[in-house]
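**Q** okay, sequence plus prediction incoming.
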Amino acid sequence: MKLQRRQVLSLAAGAVSFSALPRSAGAQAYPTRPVTLYVSYPAGTATDLTLRTLASATEKHLGQPIVVENRPGAAGVLASQQIATSAQPDGYSIVQVPLTVFRAPFLRRTLYDPAKDFSFIVGVTGYVYGIVVRADSPFRTFQDLISYAKAHPGKISYGTNGPTSTQHVAMLQIGRRFGIDWLHVPYKGGNESINALLGGHIDAVADVTVWAPQVDAGQLRLLVTFGAARTRRWPSVPTLKESGFDMVATSPYGLAGPRALDPAVIRTLHDALRKGMDDPAFRATMEKLDQEPWYLDSEAYRAYAMAEIAAQKRLVEEFGLRQE
């Protein structure tokens, strides 16, 4: 049967509209199910508490639940490596990317390339690092500790949560800057190193604020912090920069997905997370945990990552930290 010209045009127009519909609807549909946020450290840690609060604050803007799953291991690298190598680029699996993810490929063989295998979404925050000693220690200031360490090579021992951790690398840099030969004692975690310090087995601990309760209780003395400015909680404690070493070490982190994530999905996630970061509950959690917001949009976070990858490569080579 012959179709009239008007019927042909009508059918053609309908076909165009029908073929365009799924793409438009698909782009607008994300997300249609819960998003899983993989946290690189155990439940109950400051990182975990921060990101759980952010997930809760972000859900109402995203329109779907954000399920937090802890995937600790390999000094914070395990979760990111698994996302980079096995997650689908559909926006339903995102991960916290700690600084160790940028350092690890230069320390040992990894299954991912940090410059190629992530879609960077948003920068979130960093940590407060500091050096603490026992309250009865003769070292009342950071300068006291440095002076004694210089005069007595190899006599001062300090604990961190492991070799090639951010704390360890920072202490190597401090040692080189001041010409100090001191002894690094690695522990499995902050609680172990704090117990060792309280027990008199080591002289100092360099770590994130796992030491905060003991500092506030008067059991430990905080000598210096590693941020760009003094903390709100301990405003009398100087920074490294004020103490003669122009270095800031906050180990900032952000959130990313696997490579090839659709730019529209990245934008949706970024916009929702940005609103979540402005939520009063998230701001209150940050203040309670002595953290400062470190917001970077997707492009700025990617640019930071590329620069930091190069910087970590230089540090590993400078201090001969390669483990293979």
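**A** That came through fine. A quick note: this is a predicted structure, and the numbers were derived from the prediction, not measured.
**Q** where does the residue lying closest to Ala115 once chain neighbours are set aside fall, phi/psi-wise?
**A** Closest residue to Ala115 apart from its sequence neighbours, by C-beta to C-beta, 6 or more residues apart in numbering: Ile309 at 5.5 Å. Any C-beta I mention is one placed from the backbone N, CA and C, and that applies to glycine too. Dihedral pair for Ile309: phi -60, psi -50, per degrees, to the nearest 10.
**Q** what number of residues lie near Ile309?
**A** A count of nearby residues for Ile309, using other C-beta atoms under 10 Å, gives 17.
**Q** make 7 the first number, not 1, from now on.
**A** Yes, from this point I'll number from 7; that puts the last item at Ile315.
**Q** hang on, it packs against Asp119?
**A** No: shown here, Ile315 and Asp119 do not form a contact pair, counting by C-beta atoms under 8 Å, at 9.2 Å.
**Q** could you measure from Arg283 over to Gly168?
**A** For the record, residue 283 is Met, not Arg. 29 Å (C-beta to C-beta, to the nearest Å).
**Q** that older thread, can you pull the pLDDT of the residue nearest to Ala121?
**A** Here the pLDDT value assigned to Ile315 is 98.
**Q** measure it to Val107 for me?
**A** The value you get for Ile315 to Val107, if C-beta to C-beta is used, is 9 Å.
**Q** cool, Asp187 as well?
**A** Counting by C-beta to C-beta, the gap from Asp187 to Val107 is 30 Å.
**Q** of these two, who's got more company?
**A** When neighbours are counted by other C-beta under 10 Å, Asp187 and Val107 differ, and Val107 comes out ahead with 31 against 12.
**Q** tell me the mean pLDDT over the helix or strand hosting the more buried one?
**A** In this structure, Val107 is located in helix 106-113 according to DSSP states H and E. Across helix 106-113, pLDDT averages out at 97.
**Q** outside of it, which residues touch it?
**A** Defining contact as C-beta atoms under 8 Å, 6 or more residues apart in numbering, one finds that helix 106-113 is touched by 46, 80-83, 86-87, 116, 118-120, 170-172, 175, 311, 314-315, 318-319, 321-323, 327-329.
**Q** got a PyMOL select line for the buried ones in those residues?
**A** In PyMOL syntax, the buried subset of those is picked out as below (16 or more other C-beta atoms under 10 Å):
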select buried, resi 46+80+81+82+83+86+87+116+118+120+170+171+172+175+311+314+315+318+321+322+327
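**Q** so which of the contacts of helix 106-113 belong to helices?
**A** Counting by DSSP state H, those place 86-87, 172, 175, 311, 314-315, 318-319, 321-323 in helices.
**Q** can you tell me which of the residues you listed is closest to Val101?
**A** Of all those, Val101 sits closest to Ser86, with 5.2 Å by C-beta to C-beta.
**Q** from Ala309, how far off is Trp300?
**A** 14 Å.
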